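Chemist: predicted structure and sequence below. I'll ask about it afterward.
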Amino acid sequence: MQLSIVTLGHVHAEDLAPLTHRFDRLEQLVLDINPRAAINDHRAELNRAVDAATGDWILVIRERETVNEALANEIAELVSDNPRAWGFRVRTTPLYAGAALRLGDETGELRLFHRRHLLRRGDVLVQGTVIRAQHAFEAVTFASAEEHREYLAKKTAPHSALRHVLLFASYAAAARTLDRNTLRYLWIEAAFDHAIGE
């Protein structure tokens, strides 16, 4: 089997290593766009990458995301000779201080699809069935809360104490979680003005 991988930004070979044991050939095509950009905003670049790909199945992965063993196994099963769908949504689980963040996004993006079923205009969609993959990409954010705080302090300015508390309350309500690690992440995020950062 062959898999063509479209990367947004720089993705290291070790981030894709579990796929190498499950596919005869992996092909990587790099899109030189912001890794966090909405794929819908770069349809022309995506279409050109799909046209250049030699594999029938396309996997889209962003910089800082990795494919673990469980997801690699699932991808190999999904693109087998009798696929259950022509497109698959894949979630991304951000890892913070060694643990998963619980930020509530369970829908995922269309990241695995058959090239001949990709619709070429508008939003990134396929003609045919789309289902959600069970497993997710993993994306490392910060190794520790201290690293997170230091990074934001260099790139942004702190909020006032009142704004910090109000923003945190808003973020926590939207996240709908009592997970301690996630709340710590949101507390630090709320402390800084991201609008003036890079």
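Modeler: Arrived safely.

Chemist: can you list contacts of whatever helix or strand residue 162 lives in?
Modeler: According to DSSP states H and E, residue 162 maps onto helix 161-175. Helix 161-175 is contacted from outside by 102, 103, 104, 158, 159, 182, 183, 186, 187, 189, 190, 191, using C-beta atoms under 8 Å, 6 or more residues apart in numbering. C-beta coordinates here come from the backbone N, C-alpha and C atoms, glycine included.

Chemist: relative to residue 24, which of those is nearest.
Modeler: The nearest member of the contacts of helix 161-175 to residue 24, counting by C-beta to C-beta, is residue 103 at 36.2 Å.

Chemist: mind listing what that closest one touches?
Modeler: 94, 175, 177, 182.

Chemist: and what of residue 124?
Modeler: 39, 40, 43, 46, 109, 110, 118.

Chemist: what's the weakest-modelled helix or strand in this structure?
Modeler: Within the chain, confidence by mean pLDDT, DSSP states H and E is lowest for strand 192-193 among all helices and strands, at a mean of 90.

Chemist: who touches that one?
Modeler: Residues contacting strand 192-193 (C-beta under 8 Å, 6+ apart): 152, 153, 155, 156, 157, 158, 159.

Chemist: burial of residue 69, as a residue count?
Modeler: Using other C-beta atoms under 10 Å, the number of residues around residue 69 comes to 13.

Chemist: isn't it right up against residue 17?
Modeler: No - counting by C-beta atoms under 8 Å, residue 17 is not a contact partner of residue 69; they are 9.4 Å apart.

Chemist: end-to-end on stretch 80-88?
Modeler: End-to-end distance for stretch 80-88: 13 Å, by C-alpha to C-alpha, to the nearest Å.

Chemist: what residues sit buried inside it?
Modeler: Neighbour-count burial for stretch 80-88 flags 83, 85, 86, 87, 88 (criterion: 16 or more other C-beta atoms under 10 Å).

Chemist: domains for the protein, by residue range?
Modeler: If you go by automatic domain parsing, the domain ranges for the chain are 2-140, 145-196.

Chemist: among those domains, which is the most enclosed?
Modeler: Highest mean neighbour count of these: domain 2-140, a mean of 17 (counted as mean count of other C-beta atoms under 10 Å).

Chemist: picking that back up, just the ones in helices from the contacts of residue 124, please.
Modeler: Members of the contacts of residue 124 lying in helices (criterion: DSSP state H): 43, 46.

Chemist: where are the low-confidence patches of this structure?
Modeler: 104-105, 195-198 (pLDDT under 70).

Chemist: which stretches of it form helices?
Modeler: Under DSSP H, the chain gives helices at 17-20, 43-52, 69-78, 145-155, 161-175, 180-190.

Chemist: residues in contact with the fourth one?
Modeler: What that stands for is helix 145-155. Residues contacting helix 145-155 (C-beta under 8 Å, 6+ apart): 96, 97, 141, 142, 184, 185, 188, 189, 191, 192, 197, 198.

Chemist: now do the first one
Modeler: Residues outside helix 17-20 that contact it (C-beta under 8 Å, 6+ apart) are 3, 5, 26, 67, 68, 69, 71, 72, 73, 75, 76.
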